[in-house]
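> Here is a sequence together with a model predicted from it:
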Amino acid sequence: MKLGLGLGYWGAGKPEGVEEAVTAAEECGFDSVWTSEAYGSDALTPLAWLGARTTRLTLGTAVMQMSARTPAATAMAAMTMDHLSGGRFALGIGASGPQVVEGWYGQPYRQPLARTREYVEILRAAMRRDVVQHTGRHYQVPIEGGTGLGKPLKSTLHPVRETIPILIAAEGPKNVALTAEIADGWLPLFYSPYEDSFYRRCLDEGFAARGERPADFEVALPVQVVVDEDVERAADRLRPHIALYVGGMGAKGANFHYEAVARLGFEAECERIQELYLAGRKEEAVAAVSTEMVSRVALVGPVAKIKDELAAWEESLVTTMVVHGSARTVQQIAEIVL
């Protein structure tokens with residue numbers, strides 16, 4: 001199991017210490033660094049800026065929002081990043097949810113699976129430097145009903161690699177199966193090594209449709225690691241994060257993070273957290289996140305406890321554990337894991 005450094009997306013502004021954390025990750029033997037975006041900072045600009053300080057780390061997006069860019073624009077960005085990094089770029093994309101897609105990007109959210117399939121088809125064609133022609137329900141290249149002057153084109157940029165790895169963020173069963181069928185890797189969230197039979201079935205379904213299970217299929221998972229002699233105090237650091245995603249990242253009945261955590265055996269707890277969060281009672285929602293829930297999806301507590309629990313993660317589907325933190329945290333995690 002490899003280690004990756006997750007930088008996420010910014011809050012009110014550029015976070016402190018990210019340059020030092022990225023440098024420490026490369027020095028400590030991490031394999032990759034990942035950025036993401038929602039409706040604030042974008043994923044590409046910080047990754048290019050910080051990636052220029054590295055020579056070995058894979059530079060990944062986890063994730064780029066599909067609705068933020070056309071497939072051709074995403075392919076252009078991926079190929080450009082691959083050139084700048086000398087073939088070290090990994091493209092993670094995701095359909096997100098209706099609140100962000102419709103509320104921020106002003107794009108329709110309908111049929112996300114069919115849209116993802118078409119998006120990846122166009123990406124692969126563009127990155128192979130094919131003449132891009134696609135007639136689908138969601139994308140037409142060249143566009144239909146325009147001036148009539150558009151013509152099929154191929155990239156003027158010659159790719160460093162014919163195949164840039166494409167990873168898809170997915171939580172629902174059909175989306176996970178689709179990821180196994182068409183992508184080079186999976187970006188899960190709130191996965192637990194103690195209860196992953198659901199995801200194994202979904203992936204197997206997708207690999208069957210694909211006709212094979214690629215030996216190098218990547219599973220890059222964000223795993224929060226908090227080292228503290230007091231387990232409850234360590235869990236306290238993560239309760240707000242889980243409460244936000246379970247309770248507030250999506251409308252009632254349309255929150256994929258809620259469903260992912262509920263599938264781990266916390267249906268009643270998730271319902272209570274969401275009820276409190278949507279009612280504006282955020283502190284109570286945070287308090288409703290149990291230590292058991294935190295421990296299923298994160299590594300918290302003393303070093304000895306974390307080392308004991310690592311065995312379950314190493315035997316899981318995860319190929320890259322993506323952790324977050326300062327340069328000191330990076331060094332500490334590297335000592336424990338590597």
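Now that the structure is in, tell me what you want to look at. It should be emphasised that the depicted structure is a prediction, and the values quoted were computed from it without experimental measurement. Numbers count the residues shown, from 1 in each chain.
> in stretch 237-248, what counts as buried?
Under the neighbour-count criterion of 16 or more other CB atoms under 10 Å, stretch 237-248 has L238, R239, I242, A243, L244, Y245, V246, G247, G248 buried. Any C-beta I mention is one placed from the backbone N, CA and C, and that applies to glycine too.
> Out of those residues, which is nearest to C270?
V246 (5.3 Å; CB to CB).
> got the residue ranges for the strands in this structure?
Listed in chain order, the strands of the chain (DSSP state E) span 2-8, 32-35, 58-61, 64-65, 89-94, 134-135, 140-141, 166-169, 185-187, 218-222, 225-227, 299-301, 320-323.
> Could you give the separation of the first one from the chain centroid?
Meaning strand 2-8. Per CA atoms, centre = their mean, to the nearest Å, the displacement of strand 2-8 from the mean C-alpha position of its chain is 10 Å.
> Which strands or helices does that strand pack on?
helix 18-27, strand 32-35, strand 320-323, helix 327-337 (3 or more CB pairs under 8 Å, 6 or more residues apart in numbering; DSSP states H and E).
> Now do the first one against strand 2-8, angle only.
By that I understand helix 18-27. Counting by axes from the mean of the first three to the mean of the last three CA atoms, to 10 degrees, helix 18-27 lies at 170 degrees to strand 2-8.
> How about residues contacting helix 18-27?
For helix 18-27, contacts defined as CB atoms under 8 Å, 6 or more residues apart in numbering pick out 3, 5, 7, 33, 46, 50, 53-57, 325-331.
> Now do the helices for the stretch 151-300 of the chain: every range, in order, please.
In the stretch 151-300 of the chain, the helices defined using DSSP state H, counting those that start in this stretch lie at 173-182, 197-210, 231-243, 256-262, 267-278, 282-287, 291-297.
> what's around Q224, how many residues?
Using other CB atoms under 10 Å, Q224 is surrounded by 20 other residues.
> circling back: quick one: closest of the helices of the stretch 151-300 of the chain to I336.
helix 231-243 (13.6 Å).
> Return the distance of that closest one from the chain's centre.
21 Å.
> What helices and strands are in contact with it?
Right, helix 231-243 is packed against strand 225-227, helix 267-278, helix 282-287, helix 291-297, strand 299-301 by 3+ CB pairs under 8 Å, 6+ apart.
> quick one: that helix to helix 267-278, angle?
70 degrees.
> Show me what helix 231-243 is in contact with.
Here helix 231-243 has contacts from 190, 224, 226-228, 261, 273, 277, 282, 285-289, 291, 293-295, 297-298, 300-302, 305, using CB under 8 Å, 6+ apart.
> cool, stretch 274-290 as well?
Residues beyond stretch 274-290 that count as contacts (CB under 8 Å, 6+ apart) turn out to be 235, 238-240, 242-244, 246-248, 252, 255, 258, 266, 269, 272-273.
> Next: stretch 33-47.
4-11, 18, 22, 25, 50-51, 54, 57-65, 68, 77, 81, 92, 96, 100, 103-104, 220, 322.
> Tabulate the CA atom coordinates of stretch 237-248 in CSV.
Extracted C-alpha coordinates of stretch 237-248, given in CSV (Å, rounded to 0.1, in the frame of the first residue of the first chain):
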residue,chain,number,x,y,z
ARG,A,237,-10.7,16.1,15.4
LEU,A,238,-12.6,14.2,12.8
ARG,A,239,-16.2,14.4,14.0
PRO,A,240,-16.9,17.8,12.3
HIS,A,241,-15.6,16.5,9.0
ILE,A,242,-17.9,13.4,9.0
ALA,A,243,-20.9,15.4,10.3
LEU,A,244,-20.4,17.9,7.4
TYR,A,245,-20.4,15.2,4.7
VAL,A,246,-23.1,13.0,6.2
GLY,A,247,-25.3,15.9,7.3
GLY,A,248,-24.7,18.8,5.0
